[in-house]
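Q: Model the following, please.
(chains A and B)
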Amino acid sequence: MNGVGFRPIDLGLYMAWVVTAILFLVTPLFFNSGFAISLLSQMGIMIVFALSYNVIFGQGGMLSFGHAAYSGLGAFFAIHALNWIGDGRLPLPVVLIPLVGGIFGAICGVVFGYVTTKKAGVPFAMITLGIGEMVHAGALMFPGFFGGEAGISTNRVVGTPFLGFDLGPSIQVYYLIAVWCFLSMIAMYAFSQTPLGRISNAVRDNPERAEFIGYNTQRVRFFVLVVSSFFAGISGGLAAINFEIVNAEQLSAIPSGAVLVATFIGGAMFFFGPVIGSVIFILFAVALSEYTPAWQFYLGIFFVLMVMYAPGGVTSILLLNLRVAKEGLFRALRKPYLKLIAGSLVLLAGVVMLIEMAYGLTLSLGVGSMVKLAGIEFDAATPMPWIIVALLLVVGGWLFGRVRRDFMQAWDGVSQQIESRAGQAAAGGGR
Amino acid sequence: MEFFLISLLNGISYGLLLFMLASGLTLIFSMMGVLNFAHASFYMLGAYFAYQIMTWLDAALPGVGFWIALVLAPLIVGLIGAAVERYGLRRVHRWGHVPELLFTFGLTYIIVELVQIVWGRSTVPYAVPQALGGSLFTLFTTNFPVYRAFMMGVAIFMLFAIWLMLTRTRIGLVIQAALTHPDSVEALGHNVPKVFMLTFGGGCALAGLAGVIGGNAYVTEPSMGAQLGTILFVVVVVGGMGSLAGAFVASLLIGILQTFAIGLDWSGIDLLSMVGINVDSSSFGYAVWSLTLPQIALMLPYLLMVLVLIVRPRGLMGTREN
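A: Residues are numbered from 1 along each chain as shown, chains lettered A, B, ... in the order given. Alright, predicted model coming up:
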């Protein structure tokens, strides 16, 4: 680095933010059904939640199984504040409710983080699981504040409208979520560039060396956790406004696991990874669950496959392909890709049919063993569909094994080519 | 006195069950550095397999099903565990410990869904076999069931057998050596990956056995794994990561603590009135003071964990900070 404080403007970065903002603005114009708006709103909430999770997980190296404690408690405080606005006890515009959630999320972060950040690594993961369960169990003990099993409900159309928006229609809620989501994204990106954000990367990669250069790693983890819980609280506040109800379920291990899955699927090593992961997760949890009760099973398999074969998440796959395209070598991969997709589609059809039929046989209450797939309805209790499944699985498995080998060969060839080019460029630059 | 003794016995039997799981988890953790998140899922599998074997066999050979299940179900669970290590974990191992943990975490989702596909979402009627029904002895007025004693017997027998295997046999010595010096053991010509696979499978089989004897004493349902799993992690943290003795003490401690808390109908109000302060619904913090012990029984293990972490971060018998 040179001593002069001059840095060229990073055009690519600004472009990424502008594109993100435009996407937030125009997506509801194309997907404007009620269901799509609700889907987009939930994506926005999940993006904030997953990004806040990635502040500790991807950037800080702290694997947490209890992150829902912060978003959930933030949501509870937010919904009480919302009810206070409704009573006229709190003169605050509703659009600032997420901030209430954020502040209380951060306060909870201070309290719980004091205990959890005493440890790092695997013990940290186990302790967060325990704390998360403790908060969840505690919520059922205080029905006055947490509303017991039913939860606390509210009405978001209260107080004085902000710039003429009263948050009645769901599209207004979407834009409120979009604005908060965009602001939170920028804030969290900015945080990752601060000295604290940078040193949290160091603590993630090598805590021992970070201690040697004079940082108290426990304190770094603590501060980072508080920042993360602030943004988790914001997502909780947004959820309170969007759903107008908060219950103890939002403190349980289910959302804690969900945010981990979403972040990892997207790619924890990239800032934008959790954004992509959240979109995929909501598509699974909200859109796919409309079609099949087995969505959690699919998600579980998808997650395990990602852990096994692509620990960098979807973002890493995208970036690797982008690099190939940039080098102009994508042509060599086009045919193997088409074959791979064809092979995996056959296998996928077999797997999906198998799972759907198994669910149809055992779990569809009162519907009998009828299964509807791709518009075709059939009886899972007859042998014919099972023969088809077996055929699809055998043929698909064999085909997939073959094309996968070819694809890996082509991919390795392309990767080697890129590596050697990069090597030459480096050698040329060194002269 | 009567309540005290019965609760103590129940607490110890629950604690021993916890330790059957915690010992496998600890062995796997200290050897491979892998925290098996799915450990309690294997416990659940053990219970369901035993239930299935019993229902299949009881029609043909009444009364024998449970005993066959007692042997067969843990073996099947152990085989599944070994397969998971061989084809899943070993692949993920090169990415590091966090992906390994995440792999077992993802596995819990899949196992729960599979269990629901096969056995449905509600409780299955996995019952205590008739030969072990009834009460063993009557203490004052309370009956102590035979099955509780049987559970304690199986747990103690298993743990004693494992202790003998670890300390007295050749493979046990290799396992012990591989705990601390896997590279040296490998250099001496032992197949360390195979030892890993055996340990993982063995730990899972132990969890499966705990499921066979615990599933009918408590309930067999799809959420039983998740419920026990969190308690299990608390046990390991409280005892000290990687310490078998610590896990033993913590298992018994938490088992007894939870059993007593469910039985004692005390609340903060009683406590305060003992020192002369009377609390009623208008007092400050009434919601907190009016909580009874059974109400916070679920929370107690976690509170204990927080307390231990503040006072003694390495756990009761842990040797290292991290």
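Q: And B:Gly96, how far from A:Phe270?
A: Applying C-beta to C-beta, to the nearest Å, the value for B:Gly96 to A:Phe270 is 17 Å. In short, each C-beta sits where N, CA and C put it, glycine included.
Q: can you list the domain ranges for chain A.
A: Domain assignment for chain A by automatic domain parsing gives A:11-312, A:327-415.
Q: mind checking which of those domains is nearest B:Leu244?
A: domain A:11-312 (16.7 Å; C-beta to C-beta).
Q: number of nearby residues for whatever residue of the stretch 201-322 of chain B ends up closest to chain A?
A: Nearest residue of the stretch 201-322 of chain B to chain A: B:Tyr302, at 3.5 Å (C-beta to the nearest C-beta). Here the number of neighbours of B:Tyr302 (other C-beta atoms under 10 Å in any protein chain shown) works out to 24.
Q: Which residue is the nearest non-sequential neighbour of it?
A: Nearest in space to B:Tyr302, with sequence neighbours left out and distances taken as C-beta to C-beta, 6 or more residues apart in numbering or on different chains, is A:Met134 at 3.5 Å.
Q: now swap in A:Ala75 and tell me
A: Distance criterion C-beta to C-beta, 6+ apart; nearest residue to A:Ala75, sequence neighbours excluded, is A:Gly236 at 3.3 Å.
Q: OK, contacts around that neighbour?
A: Residues in contact with A:Gly236 (C-beta atoms under 8 Å, 6 or more residues apart in numbering or on different chains) are A:Tyr70, A:Ser71, A:Gly72, A:Leu73, A:Gly74, A:Ala75, A:Phe76, A:Ala78, A:Gly101, A:Gly105, A:Val246, A:Gln250.
Q: Then B:Leu89?
A: Contacts of B:Leu89 (C-beta under 8 Å, 6+ apart): B:Met32, B:Val34, B:Glu100, B:Phe103, B:Thr104, B:Phe200.
Q: Number of residues surrounding the closest residue to chain A within the stretch 1-150 of chain B?
A: The stretch 1-150 of chain B approaches chain A most closely through B:Tyr109 (3.2 Å), counting by C-beta to the nearest C-beta. Using other C-beta under 10 Å, B:Tyr109 is surrounded by 21 other residues.
Q: From B:Gln116, how far off is the residue lying closest to it once chain neighbours are set aside?
A: In space, and not counting its chain neighbours, B:Tyr109 is closest to A:Gly300: 3.2 Å by C-beta to C-beta, 6+ apart. The gap separating A:Gly300 from B:Gln116 is 12 Å, by C-beta to C-beta.
Q: Could you do A:Met384 as well?
A: Distance of A:Met384 to B:Gln116, given as C-beta to C-beta: 26 Å.
Q: now do A:Phe124
A: Going from A:Phe124 to B:Gln116 by C-beta to C-beta gives 31 Å.
Q: hmm, back to that, which elements pack onto the helix or strand where the residue nearest to B:Tyr302 lies?
A: In the assignment (DSSP states H and E), A:Met134 maps to helix A:121-141. Using 3 or more C-beta pairs under 8 Å, 6 or more residues apart in numbering or on different chains; DSSP states H and E as the contact test, the elements touching helix A:121-141 are helix A:68-87, helix A:97-116, helix A:253-266, helix B:97-119, helix B:224-239, helix B:300-311.
Q: picking up where we left off before, show me which of A:Met384 and B:Gln116 is the more surrounded one.
A: More crowded of A:Met384 and B:Gln116, by other C-beta under 10 Å: B:Gln116, with 20 against 9.
Q: surely that one meets B:Pro222?
A: Yes. Counting by C-beta atoms under 8 Å, B:Pro222 is a contact partner of B:Gln116 at 5.2 Å.
Q: can you pull the contacts of the nearest residue to A:Leu251 once chain neighbours are set aside?
A: Nearest residue to A:Leu251, sequence neighbours excluded (C-beta to C-beta, 6+ apart): A:Gly72, at 3.7 Å. Contact partners of A:Gly72, counting by C-beta under 8 Å, 6+ apart, are A:Val135, A:Ala139, A:Gly236, A:Val246, A:Ala248, A:Gln250, A:Leu251, A:Pro255.
Q: Buried ones only from these, please, as a PyMOL command.
A: Of the contacts of A:Gly72, the buried ones can be selected in PyMOL as follows, counting by 16 or more other C-beta atoms under 10 Å in any protein chain shown:
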select buried, chain A and resi 135+139+236+246+248+250+251+255
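Q: Serialize the contacts of A:Gly72 to CSV and add fields for distance to B:Val185 and pLDDT.
A: Supplementary listing: the contacts of A:Gly72 in CSV, determined by distance: C-beta to C-beta, whole Å; pLDDT from 0 to 100:
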residue, distance to B:Val185, pLDDT
A:Val135, 43, 89
A:Ala139, 48, 85
A:Gly236, 49, 93
A:Val246, 53, 89
A:Ala248, 48, 86
A:Gln250, 48, 87
A:Leu251, 45, 88
A:Pro255, 43, 91
